[in-house]
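K.L.:
Need a 3D model of the following:
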Amino acid sequence: MKNPTQNIVIAIDGHSSCGKSTLAKRLSKKLNYLYVDTGAMYRCITLLMQEQNLQINQSKEIEDLLHNTKIYFKQKDNIQLTFINGREVTEDIRLPKISDFVSEVSTISAVRKRLVEQQRQYLQENNLVMDGRDIGTVVFPAAQLKIFLTASSEIRAKRRYDELQAKGIDIDYNSVLANLIKRDTIDSTRSDSPLKKAGDAIELDNTNMSIDQMVDHVILLLKESKFS
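P.N.:
Numbering: from 1, shown residues only. Here you go, the predicted structure:
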């Protein structure tokens, strides 16, 4: 089964903080593809739910929130900015309080259904690089190239810890590691679209790889395919 358009999708799935977004951003820039950060979309819903004090079992209120929410991205000075209904939330959605609950919010079927609909719309006019947890299995099962990123929990936690420290966020490494392990469990065991490697995905362990090595490797894989 091929995609209904001639546009190309590079689907990048994997656990938290394994470099999916970094790889996807670099690929989109090199290939001139549209980058869609699906994780940011779930973080946006998490932020709104926290601001409105909504719990994951408040189905009606969540449906209303989804109906009245528009999430979109803009490029500025080589940085992708995230917006909710015209409000820029790029940094807000990366705070630890969002990371602590985004995996739980992503288990809500109504949230997943709504966001997947939005994600698929991007393919109508663009070649895509899209990263997340279920891109190659649910959102675009016919993607021409599927990558499943892995790295050790300790390396992923260190990367996330360094990122937060660079932003001036005071948090200890063990808290970051515990959060990653918790998110891994929730993402992999949820009933709706759990994180798993697609049967035709290429696994890439980047524990000991630089971002440049990852980018070069994926571009080589794309060139070796008939879709490049």
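K.L.:
next helix or strand past the longest helix anywhere in the chain?
P.N.:
Longest helix in the chain, counting residues (DSSP state H): helix 173-189. Next along the chain after helix 173-189, taking DSSP states H and E as the criterion, comes strand 202-205.
K.L.:
Contacts made by that next one with the rest, please.
P.N.:
Leu145, Lys146, Ile147, Phe148, Leu149, Thr150, Ala151, Lys197, Met214, His217, Val218, Leu221 (CB atoms under 8 Å, 6 or more residues apart in numbering). C-betas here are computed from N, CA, C, even on glycine.
K.L.:
hmm, 6 Å instead?
P.N.:
The contact list for strand 202-205, computed with CB atoms under 6 Å, 6 or more residues apart in numbering, reads Ile147, Phe148, Leu149, Thr150.
K.L.:
Select from the residues you listed the one having the most neighbours.
P.N.:
Ile147 (28 neighbours; other CB atoms under 10 Å).
K.L.:
thought that one was touching Ile12?
P.N.:
Yes: here Ile147 reaches Ile12: they are 4.8 Å apart, a contact under CB atoms under 6 Å.
K.L.:
Quick check: phi and psi on Glu88?
P.N.:
With angles defined as degrees, to the nearest 10, Glu88 sits at phi -80, psi 120.
K.L.:
from the chain's centre, how far out does the worst-scoring helix or strand of the chain on mean pLDDT sit?
P.N.:
The weakest-scoring helix or strand in the chain, judged by mean pLDDT, DSSP states H and E, is strand 71-76 (a mean of 88). Centroid displacement of strand 71-76 relative to its chain, using CA atoms, centre = their mean, to the nearest Å, is 15 Å.
K.L.:
Repeat that for stretch 199-219.
P.N.:
16 Å.
K.L.:
List the buried residues in it.
P.N.:
Of all the residues in stretch 199-219, those buried under the rule 16 or more other CB atoms under 10 Å are Ala201, Leu204, Asn206, Met209, Met214, Val215, His217, Val218, Ile219.
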